[in-house]
Every structure is written in structure tokens, then in C-alpha cells.
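> sequence? don't have it. structure:
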């Protein structure tokens, strides 16, 4: 609803005779619709004028600071004075928020942002005042190691951390400090631990104690390590040990929104905040895709909903027409939207820092940008979230109560309906139901228990129970029984399932069951592994070559068995398991590729990505952004390059196996991908080269062979050379170091695997030549100017050469030179003899000792075709100069 539309609706709801909304000559929507605001206005005659002025513009942190200063009353008891001024400020902010919101002037972001600013201001003001008061007696806490003054770091969790604070919310806090030690400079001394506990207790009292002026914020400390049983304040070392040893899944979700809300205006505070981020980030965001969170969130959500139903006497159920529906925890409620946003963060946030943002709506926007969530679904979630949060605020405006239940009183229902711009309660319920139903459906689709296809549970019983499913005694079976010996019954079951080499398969299954790897699996991982083995047996048995398919399947499952996240993914998404079966069955190379890079399983979930053509411009942009985000972290950047390359290669492979691409299309896409990876690697390596002498290198990569001809295969290496065109005196040394570093980045094996094998022997003078060549030297070499000149086979190689990455100006000059070389007049007979001689040398270097036909090197194979098409007699056929 437009801001103005709501204001008109609210204004129409006010009755002219209603004195509640009139105070001090001002019409106050807040006093008309909020019992809380009415009480505050009646207690403070000066407030109507303040609210009328405040409602004219968005509430800001600066306005709050000015009002706090104006409300301050000097006193010998600074703490009591702060309590009073903060509570009076809170009343002003609350009433001003209500006023602007009900007038339709404030967005949801302004409302939650104002309450968050108030909380941060109160915390920071309180810490400064209380710290000075404690210092008068105990001095300042000093770190035993650094000798620096230590500060209490207050972490805001939940909606405070996400800057999404409700108007009547408590605040979830955690108190941390960097170093142990003792206070110095006071009349008495305390350990830093005791000092910060005292400071924390007084801060809680300052904020939460209910006085004649009310309270500032209720404070919840239960998210700290060990909850209520843990110390009120803990060191970073204590927190780290706790997260590593005892950190639970729900604490990962809580720390997603964790943010330092105490002041960061000193170097020590900034450094401590940085240490905290480095400590909590790997706890929350796992390095690999983490699909185990789906089952964990499903379980947590069930517990939360069960507890909510108990607390409300069974009235907080699933339907909005129930007597007391909970808009936060009920079906299609706020929590379900938050969980759907968090699942993207927890699964992928370790690899994509953009998903580590805290506000729920921002997470949904990133999910759309990353192609993880359709824009239409994100729009439904966003609309529902905004509506529910606005409704939540209006429920809380009534009495400043932390409630999420729809009212049961007809008078309250009508008031809330009108606050939401509805004519009556039924209209509000209809709008609510229309928004919640898509949320509930999306949540259930995401977190429902997977409906795995039913199949006979052969594993692990077939290994441990030789009497399982005894075969009927019939003459046709006796010969097979004799061949299987003691394995008769298990073999019969495997044969009945569709396998031929039953003894070999049974031996393989028994080896798994007795292996240390299988026995070491956790209970949950073993249950998932067992489920997947049974599913694999069922899927493989449906293939014509069931024996080879199950062998590949077992190799694959053994490779991922220790990765709980991959087991979870395949358990949660049966369709992914179906696609794994298709991939393993289709190609031995594809099976080996997926087994080496199981992180690619994630791609099996994205049907849209498997159907369309790649958008290389978008791919280059995304890759550039991810590499920049990891600037300075070389290993992480190398892994990013490898993962992105593996993902795109796998997408091509899947489309290829499904018959969606021609051979030429496969080669084109793999070649375009290699070009993009080379370009990204060039940029990244140059930025990190300490000896670089210019912002942009005048350096180019020239592709030969399969890459040059845009005929790249899945396992092809890259035949490339390096040219530069730079007169700087250090250019040869700089570009030589650059090329060596580039090759290292391309060929090194990291945790994510390798990127490419690289062959640079086609450069002038081959392996004996310089790694990088100036363009002028390359030109003279190819045009045979001077003593050191190119051989015929090097001109032949130019037929499939092209510029592929780097300085485009050098690329243009190379293409012109290439055309000049290939269009030279040549003695056809002499050229034919040289080419035949070269072909014989290639054949001698690749003998085939088997009876099988070598597609590439045997007579009549691909090399013969390439030699035939590469005759550089282009003077008579200029059109053939382009490979």
C-alpha cells in the first residue's frame, strides 16, 4: 500500500468526537490507536508538540542524540540520571515511530532502523557512563599480554544484529572481551573477567529495570556460550573454544545476524571486532556447500512450532482463522520466511560472501541475483514479510507488549484491522491468508521430508544376514547357487534385482561394511549412506549395464561418505540422485569427474541452469566480483577459479550427455570458458604482482591447438604462448615473472583441484626459447627475418592460433601477422614433403601397442584430419586463414 493511501484510511477511521487522538492542539494517530502512546502523552504535556515536529521527517540517529542531550538532567547519581533520560527518550522514539507509521510516512526499514538506532545509542551511552563510574574505583582493565586497555564488546544478535528490531522487542546480547588481565589505576583491582561481568550487569540493569518512567529494552542474554549456565561475559578465547567444541546448529543460525553494537571508535575496539569476525565466520559459514542444514532447520522449526502451541494452549496452530494465531511462529509466518532466507546463507555463505548480509529482505535479493530463487517467489516472500512485520508492529503498538498473537477481542480486532488499512477484521484475515499461503507452500516444498522412491532395502542386511530372503528351491536356481557357494542367498537377491556379477558386487559391499571409513561414520551419516546405497542399487539395476553403473556408483558414494553435507544433499533431493545415476551411467569420464569434484552435486538441483546457454558476460562479471571480494587471499582466489570452471564444465557435460549439444557446441563452450578463465586469472595475478610497472599489462595470451581452433575437449590441455609489447626497460623481466606466476595459478593443485594443464612449447624455439616474447621479436621470427626463424611446422601451427586473452591491441596485431604469414607463396611440393615428414614423426612418437583403434593418432584418425586441413597454402585460398 502506498504511504499516502494508508494515511487516508487511518484518518477516515478517526472519529471527530474522539478526544483520545487530540492532545495539546495536535491530532495524534499514535494516541488514538495506541493505549501505550495515550498513557505517555497524558503523563507528559510537552510530548504532543515534540511528536508533531518529529513526525514531519524521518527519525535519525542524530535526532535521538540531540533529544538525549536535551533530556539529560545533571545529577550526582549519573546512573539514575541516565536511566531517566534514556527511558524518556525511548518513549519519545516509540511514540514518534507509531505516529509516522500510522500516518503512512514511515517505511518498514525506517521503523526497524529507528528502534535499532535507539538500542545502539542506549548501549553505547550506557557503556561510556558506566565505564567511567567503574574506573573511578577500579581503574581500567588492561590486557596481560598487550598491556592495552581492554573494552567490553557488546554483540547484538537476532533482529538487533540484523537492524530489524521490533518496536517492542527485547534485545539479544552477548558480552565479550579480548584479553584476560587486571584493572589498573584505581583504588582497588579486579580481574578483567570480574570487571566486565560487573559492567555487563549494570548495563542490563540500566536498560531493563522497570521504573516509574518505564524501561529502555528488555535484555536477553541466553544466546551467550552455555546460556544461563555460562558466565555473563567471556573472552574471545573462551568463545572460540566453545564454538569449536560445543557449538550447536541453532547457534550457527543465531550468529548469522551477530554484529558488534558497542562503539567502534577506538583501534582496540575495531581490532577486537575484526578478531570476532574471523572467529565466528567459519563457524557459521562452512567452507563447502552445507545441505545438512535443511534437516536441522526442519527439526528446529518443528520444535519451535510445538513449543509455541504449548505456550498458547494449542491455539497457535496453522490457520489464520484460529482463535489466536501466532504471526511469527505459525504456518506461513515470519519465522518461516527467515528460515528460507537463512538456508541460502548457511548452505552457500561459505563460498559466496554476498550471502552473509544480515537483513532478511537483503538476503532474498541476493538469492535472486545469484539465481538461487525465482524473482516471483522472492517477491511473494518479501511482500508477506513486510505485511507480517507491519502487522506485528501494530499488535505491539497497542500496549507496548511483545506479542505476536492476533487479538480475540472484537474491539481489538477492529482497531488492528483499521491500523492495517482494512475496513474490518475479515478483510484483514483474507489479506493475511492470501499472503501466508504462498509462504507456507514454499516452506513446505523446501523443508518437507523428501519422498524417496520406494525400493527394496538390500543394504546392509544383504551383507550381514546370509539367510535374508532365501530363494525358493527350484532346479533353475541350483546351478547359480553352486557357483555362489556360501553366497547363494545374497547372490539370488542381487540377481533378482538385475545384476550379473553378483559375487563381485557382494564382495565390494562386504568390503565397505567392514571398512574403517564406514564404521567411523556418525549415526546420522551412516543412516544417510545406507539409504543412498539402497537407492543406488535400485537406480543402477534399471540400466542396461547395471554392473558397471553400480561399480561407479559405489566409487562415488565412498568418495563422498565422509562429507555429511553431500550425503544430506542427495538424501534431501531424490531428483539429484536420479541425475547422478544418469551421469554415472552415461560416461566413465563423467563418472570420474563427478567423483573427483563432488561439490558439483549442487548443480544437479538447478534445472534452469542445465537448460539454457551460458551468459558469458554475466559469468565474467560474477567471477570478477568474487575474485575482488577475496583480494589478497591467494588460495581462496585459486579455489574460486577452479570451482567456477568445474561448475561450467559440468553444466556443459550434463547438456552434452542429454543430447542437447552438438560436438561443435561443446567445443565452442569449453573454449569460451577457457578464454574467460584465462582473462580472469590474468587480471587477478597482475594485481598481486609486486614488480608490476603499470596498471594494465601490455601482455597477451595466444592460443594454439585445440583452444586456438575452438575445439577444446573436456580433458584438453592449453597450448598457449605469451607476447608483450612494452618498451619499458624492466618489461622482459616483469612479464617473465608474470607468465611464470600465471602458469602456477593455472596448473597448481589446490583443495578444489586443478584448473588446466598448460603447454607452452609452441613458443619461438620451443622449450629452449624464452617464456615470453616481445611482439617485434615474434614478428621477425615468423616472417623469417634474421637467423632465428620459424620452421614450417610452426607456420602450420598458426593455422589454429588466435588471440584469446589480455591486451586486445596485441591481439589485433597478432591476427594481422598471422594472416600475412599464412598467405605467403609456397612451393606446394616441398610443403607437402615437409608436412608428410612431420606427420611421420608424430606417428612415431605415439605408437599404439593395442589392437584398439586410437581415435586421435592412428592412421585415418583426428591427427590426419588436422594435418590435411592445416596445409598453410592459403595464398590461393585466403578464406582458410581462420581456423
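In hand now; what should we look at? Bear in mind the structure is a predicted one, so any value in this text is a computation, not a measurement. Numbers count the residues shown, from 1 in each chain.

> Helices of the stretch 501-650 of the chain, start to end?
Taking DSSP state H, counting those that start in this stretch to define them, one finds helices in the stretch 501-650 of the chain at 502-514, 516-519, 523-541, 546-560, 564-572, 574-586, 588-596, 607-611, 616-629, 634-657.

> Dump the ones you listed into CSV; add mean pLDDT as well.
Shown next, in CSV, are the helices of the stretch 501-650 of the chain (pLDDT from 0 to 100):
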stretch, mean pLDDT
helix 502-514, 90
helix 516-519, 90
helix 523-541, 90
helix 546-560, 93
helix 564-572, 87
helix 574-586, 89
helix 588-596, 91
helix 607-611, 67
helix 616-629, 93
helix 634-657, 93
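
> Nearest to residue 113 among those would be which one?
Set against residue 113 and scored by Cβ to Cβ, these come closest in helix 616-629, at 25.7 Å. All C-beta atoms are positioned from the backbone trio N, CA, C, and that covers glycine.

> which residues sit against that closest one?
352-354, 637, 640-641, 644, 648, 672, 676, 679-680, 683-684 (Cβ atoms under 8 Å, 6 or more residues apart in numbering).

> Max pairwise distance over the residues you listed: which two?
Longest span within the contacts of helix 616-629, Cβ to Cβ: 353 and 672, 26.6 Å.

> Show me the beta-bridge partners of residue 750.
For residue 750, the beta-bridge partners under DSSP bridges are residue 753.

> Tell me the pLDDT of it.
Among the per-residue scores, residue 750 holds a pLDDT of 92.

> Which strand or helix spans residue 201?
helix 192-208 (DSSP states H and E).

> and that helix, how far from the chain's centre?
36 Å (Cα atoms, centre = their mean, to the nearest Å).

> same check, this time on stretch 540-551
35 Å.

> Which stretches in this structure count as strands?
Assigned by DSSP state E, the strands in the chain fall at 22-23, 26-27, 139-143, 153-156, 171-177, 181-185, 219-220, 233-235, 259-260, 699-704, 718-724, 758-759, 772-774, 802-806.

> Ramachandran coordinates for residue 783?
With angles defined as degrees, to the nearest 10, residue 783 sits at phi -90, psi 0.

> Skipping adjacent residues, who's closest to it in space?
Distance criterion Cβ to Cβ, 6 or more residues apart in numbering; nearest residue to residue 783, sequence neighbours excluded, is residue 821 at 6.7 Å.

> One more: residue 598?
Here the residue nearest residue 598, using Cβ to Cβ, 6+ apart, is residue 560, at 4.7 Å.

> residue contacts, the one you found?
Counting by Cβ under 8 Å, 6+ apart, residue 560 has contacts 566, 567, 598, 601.

> According to the record, where do the domains of this structure fall?
Residue ranges for the domains of the chain, per automatic domain parsing: 292-447, 461-605, 629-643+657-822, 831-881.

> out of those, which comes closest to residue 76?
Nearest of those (Cβ to Cβ): domain 292-447, 31.1 Å.

> Report pLDDT for residue 780.
pLDDT, residue 780: 94.

> hang on, I meant residue 602
82.

> Quick check: the closest residue to it other than its chain neighbours vs residue 790, distance?
Ranked by Cβ to Cβ, 6+ apart and with sequence neighbours excluded, the top spatial neighbour of residue 602 is residue 289, at 5.2 Å. As judged by Cβ to Cβ, to the nearest Å, residue 289 and residue 790 stand 49 Å apart.

> cool, residue 379 as well?
On the measure of Cβ to Cβ, residue 379 and residue 790 end up 61 Å apart.

> So those two - more neighbours on which side?
Each of residue 379 and residue 790 has its neighbours counted (other Cβ atoms under 10 Å); residue 790 has more, 19 against 14.

> check contacts around the more buried one.
Contacts of residue 790 by Cβ under 8 Å, 6+ apart are 764, 781, 782, 784.

> Now, of those residues, which are buried?
For those, a burial check counting by 16 or more other Cβ atoms under 10 Å picks out 764, 781, 782.

> would a markdown table of the helices of the stretch 501-650 of the chain with distance to residue 402 be doable?
Below are these laid out as a markdown table (distance: least, Cβ to Cβ, whole Å):
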| stretch | distance to residue 402 |
| --- | --- |
| helix 502-514 | 53 |
| helix 516-519 | 49 |
| helix 523-541 | 36 |
| helix 546-560 | 45 |
| helix 564-572 | 35 |
| helix 574-586 | 41 |
| helix 588-596 | 50 |
| helix 607-611 | 42 |
| helix 616-629 | 38 |
| helix 634-657 | 42 |
